[in-house]
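Enquirer: I would like the atomic coordinates for the input below:
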Amino acid sequence: MLTRRTEDYLEAILNVTEEKGYSKIKDIAVALEVKPPSVIEMVKKLDKIDFVVYRKYDGITLTEKGREIALIVKDRHDTLKAFLEIIKVPEKIAEKDACTMEHELDEITTKQVKNLVNFVKSAPEYPQWLRYFETFCTTGKHPCEEKVRRLK
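Expert: From the prediction side, this is the model:
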């Protein structure tokens with residue numbers, strides 16, 4: 001089992017590489033909001049366990065094994081962030097919370113959240129229940145409450 005920190009580094013290396021085409025110590029430090037010596041220490045550890053190839057002046061490259069893990073972590077992160085945004089969590093908070101949640105949720109839970117996100121995003125038109133949810137978030141009252149009372 002990998003540590004949360006290890007997963008964060010692999011994901012950051014993947015993200016920086018996808019964004020810039022390469023990954024350097026400084027870029028990873030900025031992405032993770034840590035100091036370069038911390039990145040060097042971790043990258044050396046990741047190199048020893050064959051998750052990255054680190055060459056001091058050439059930068060960092062994910063190995064196949066490291067990339068596989070980074071893609072899984074990134075997918076969990078993106079799924080959780082999308083879910084949080086669907087339920088109207090502001091983007092900045094959704095980003096931060098997804099970083100926390102991506103390491104803690106069971107694989108089955110993450111799969112079901114992904115299924116829900118994909119279901120909502122692939123709906124042919126904006127789902128009515130999402131409108132109801134938005135109204136509920138704004139007013140604190142369920143929009144169907146009045147209908148239910150009238151039927152009684």
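Enquirer: all helices for this structure, in order.
Expert: Per DSSP state H, the chain carries helices over the ranges 4-20, 25-32, 36-48, 64-86, 91-101, 107-121, 128-139, 145-151.
Enquirer: roughly how far is the fifth one from the heart of the chain?
Expert: Pointing back at helix 91-101 there. Distance of helix 91-101 from the chain centroid (Cα atoms, centre = their mean, to the nearest Å) equals 7 Å.
Enquirer: list the contacts of that helix.
Expert: Helix 91-101 is contacted from outside by D8, H77, D78, L80, K81, L84, E85, V89, using Cβ atoms under 8 Å, 6 or more residues apart in numbering. C-beta here means a position set from N, CA and C on the backbone, and glycine is covered the same way.
Enquirer: can you state the direction angle for that helix and helix 64-86?
Expert: With axes from the mean of the first three to the mean of the last three Cα atoms, to 10 degrees defining the directions, helix 91-101 sits at 130 degrees from helix 64-86.
Enquirer: pull the CA atoms of helix 91-101 into CSV?
Expert: The C-alpha trace of helix 91-101 is given here as CSV (Å, rounded to 0.1, in the frame of the first residue of the first chain):
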residue,chain,number,x,y,z
GLU,A,91,-14.3,24.7,-7.6
LYS,A,92,-11.5,25.7,-5.3
ILE,A,93,-12.9,23.8,-2.3
ALA,A,94,-13.8,20.8,-4.6
GLU,A,95,-10.2,20.7,-5.7
LYS,A,96,-8.9,20.7,-2.1
ASP,A,97,-11.4,18.2,-0.8
ALA,A,98,-10.9,15.9,-3.7
CYS,A,99,-7.2,15.8,-2.8
THR,A,100,-8.2,14.6,0.7
MET,A,101,-10.9,12.2,-0.4
